[in-house]
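Asks: here is a sequence with its predicted model. Questions after.
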Amino acid sequence: MNPIYLRLFDGYAADILQKADPFDSKSVDQLADSLSLSGDARLCLQDAFLARYLQWFTDAFTLGLHLGLSLVHDNVRRGGPQQV
């Protein structure tokens, strides 16, 4: 990821996401229970889900930022897919 995007994410979006706390840890706990996981395996599962969740938010923020900057500078290709 572009280091500038990462700094912008850390400075603007990360705080908002922490306050919103939309990560549903109860669902992950239920999944771990249904798989009869305990101890280290349960923690690995929770860490993996949280890491993917945070990566998804970072990617979504980056794409939104890129699109927003493209719109501001009128660099949006019309009639074809965007190139990131």
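Replies: Yep, it's here. All of these numbers come straight from a predicted model, not from anything done at the bench. Residues are numbered from 1 along each chain as shown.

Asks: so which residues of this protein form helices?
Replies: Under the criterion DSSP state H, the chain contains helices at 3-8, 14-20, 25-34, 40-72.

Asks: could those helices go into TSV alongside mean pLDDT?
Replies: As requested, the helices of the chain are exported to TSV (pLDDT from 0 to 100):
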stretch	mean pLDDT
helix 3-8	76
helix 14-20	70
helix 25-34	88
helix 40-72	82
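
Asks: TSV for these, including mean neighbour count?
Replies: For the C-beta atoms, the positions are set from N, CA and C on the backbone; glycine is no exception. Conversion of the helices of the chain to TSV gives the following (neighbours: other CB atoms under 10 Å):
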stretch	mean neighbour count
helix 3-8	12
helix 14-20	11
helix 25-34	12
helix 40-72	13
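
Asks: could you list every residue that touches residue 31?
Replies: residue 45 (CB atoms under 8 Å, 6 or more residues apart in numbering).

Asks: for the one 4 residues further on, same thing?
Replies: The contact partners of residue 35, by CB under 8 Å, 6+ apart, come to residue 45.

Asks: okay, which residue is most central for this protein?
Replies: Nearest residue to the geometric centre of the chain (CA atoms, centre = their mean): residue 57, 1.8 Å.

Asks: ok, that one touching residue 13?
Replies: Yes - if you go by CB atoms under 8 Å, residue 57 and residue 13 touch, sitting 7.0 Å apart.

Asks: quick check, residue 53 in contact with residue 27.
Replies: No - in this structure residue 53 lies outside contact range of residue 27 using CB under 8 Å: 11.1 Å.

Asks: nothing else from me, thank you.
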